[in-house]
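# What follows is a predicted protein model with its sequence.
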Amino acid sequence: METTLISGGAGFIGSHLCDHFLNKGHTVICLDSLVTGNQKYIISKKNNKSFILIENDLTYMRLADFPQLHIDNILHFASPASPQDYMKYPFITLRAGSIGTEILLELAQKHSARFLLASTSEIYGDPTIHPQKEKYWGNVNPVGPRSIYDEAKRFAESYTMAYKRYLDLDIKIVRIFNTYGPRMRLNDGRALPNFMAQALKGKPITIYGDGTQTRSLCYITDLIDGIEGVIYTSYSDPINLGSPEEITILELAQRIKKISNSKSEIIFKPLPIDDPTKRCPEISIARKVLGWEPKVTLDEGLILSFSYFKQALSGEYS
Ligand SMILES: NC(=O)c1ccc[n+]([C@@H]2O[C@H](COP(=O)([O-])OP(=O)(O)OC[C@H]3O[C@@H](n4cnc5c(N)ncnc54)[C@H](O)[C@@H]3O)[C@@H](O)[C@H]2O)c1
């Protein structure tokens, strides 16, 4: 059976990956500093003999600090991810993309492991073409407030590609578009948890901008299936994973209001600097190479998420 190391394994996506690969019979090494992760997702697995926890900041580790067992897959998900988080932790974010990527690439080389980088749609910045194809190089402000995250991920992609080109490492890069579902933090500052929390509390639902900016939302189980497909494919150029169904932020607020049967009013505040106006993946490569596309509809995913957020708000998942 395979051994899979997941950095950021106590976070939203990482914890689902840990569960997924434990269920598949892998030995899972979860590496997390808990800077934005949740201990709860680790505690429930602590008695599982196939689960190894390293509670540490990846970027201060040496290769000798990793468990002395053969590693087959390394999935690099450690990084603050929401704008609120990465602006709160700018240096942790920059280090996770740069030094963290370097350390895990070295580790992958040592073990001849598959290496998968969790990149992001943010590398496209505020895109000038729509929807975004993998061949598009992006429109990123390298010194703007969001560059902490965008440029760290762009650097991580570049470093990862160099390991493929010069050292023949088996690498994969997934460009993840907005993903949602159970285990998102209620207070991570992203639109969906904000809207859910505000709707549940009967407080005004706050839209930044006029609400015409678009996003596409992929349910977590679909993303996990896509990631698994990418790990085992021989395709090693970047692959977009996300929902091609585009929705305006205003529409999202209205749907959440309806699903939650909330009386909250929708209010508008100024748009933050460099906030992308459009975001939607072109996923023909994922379709062709992996036979993958999202299966969970937005309404299904919102209903599933709503029951999680309801429990989270009542303290059951805090
Ligand atoms: N959620 C999304 O929609 C989305 C979209 C695009 C890309 N991604 C990428 O997926 C990854 C996970 O995102 P998420 O939404 O689960 O975020 P998250 O904040 O829930 O998870 C990130 C995890 O990484 C850990 N971490 C951060 N820096 C670390 C370090 N130096 N050492 C060890 N652990 C560290 C955090 O404690 C946390 O548990 C990130 O790399 C993010 O860039 C997420």
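It's in. Numbering: from 1, shown residues only.
# Only C-alpha atoms from now on, for both contacts and neighbour counts.
Will do.
# any idea how far Ile74 is from Phe115?
Separation of Ile74 from Phe115 (Cα to Cα, to the nearest Å): 5 Å.
# How about Met196?
For Met196, the distance to Phe115 - Cα to Cα - is 35 Å.
# Let me see the ranges of the helices in the stretch 201-318 of the chain.
Per DSSP state H, counting those that start in this stretch, the stretch 201-318 of the chain carries helices over the ranges 220-232, 249-259, 284-285, 298-313.
# Leu290 and Thr233 touch, don't they?
Yes. At 7.4 Å, Leu290 counts as touching Thr233 under the criterion of Cα atoms under 8 Å.
# Excluding its own residues, what touches the lowest-mean-pLDDT helix or strand in the chain? List them.
Least confident helix or strand of the chain, by mean pLDDT, DSSP states H and E, is helix 40-43 with a mean of 88. Contact with helix 40-43 is made by 10, 15, 53, as judged by Cα atoms under 8 Å, 6 or more residues apart in numbering.
# switch to 7 Å and redo it
10, 15 (Cα atoms under 7 Å, 6 or more residues apart in numbering).
# Relative to the very next helix or strand once past that helix, what are the paired strands and their orientations?
With elements assigned by DSSP states H and E, the helix or strand that comes after helix 40-43 is strand 51-55. Paired strands of strand 51-55, with direction, are strand 27-32 (parallel) (DSSP bridges).
# Contacts for the partner strand next, please.
2-10, 18, 21-22, 50-57.
# which one of Leu290 and Thr233 has more residues nearby?
More crowded of Leu290 and Thr233, by other Cα atoms under 10 Å: Leu290, with 19 against 12.
# so where's the stretch 151-300 of the chain uncertain?
Scanning the stretch 151-300 of the chain for pLDDT under 70 picks out the ranges 274.
# Get me the contact residues on it for the ligand.
For the stretch 151-300 of the chain, the contact set with the ligand under Cα under 6 Å from any ligand atom comprises 176-179.
# Check the stretch 1-150 of the chain too.
So far as Cα under 6 Å from any ligand atom goes, the stretch 1-150 of the chain lies against the ligand at 7-14, 31-37, 56-59, 77-81, 92, 96, 118-120.
# who's more crowded, Met196 and Phe115?
Just comparing Met196 and Phe115: by other Cα under 10 Å the higher neighbour count belongs to Phe115, 28 against 25.
# Longest helix of the protein, counting residues only.
The helix that spans the most residues within the chain, counting by DSSP state H, is helix 147-167.
# Please identify the next secondary structure element, helix or strand, after that helix.
Heading C-terminal from helix 147-167 (DSSP H and E), you reach strand 171-176.
# angle of that next one against helix 147-167?
Relative orientation of strand 171-176 versus helix 147-167 (axes from the mean of the first three to the mean of the last three Cα atoms, to 10 degrees): 150 degrees.
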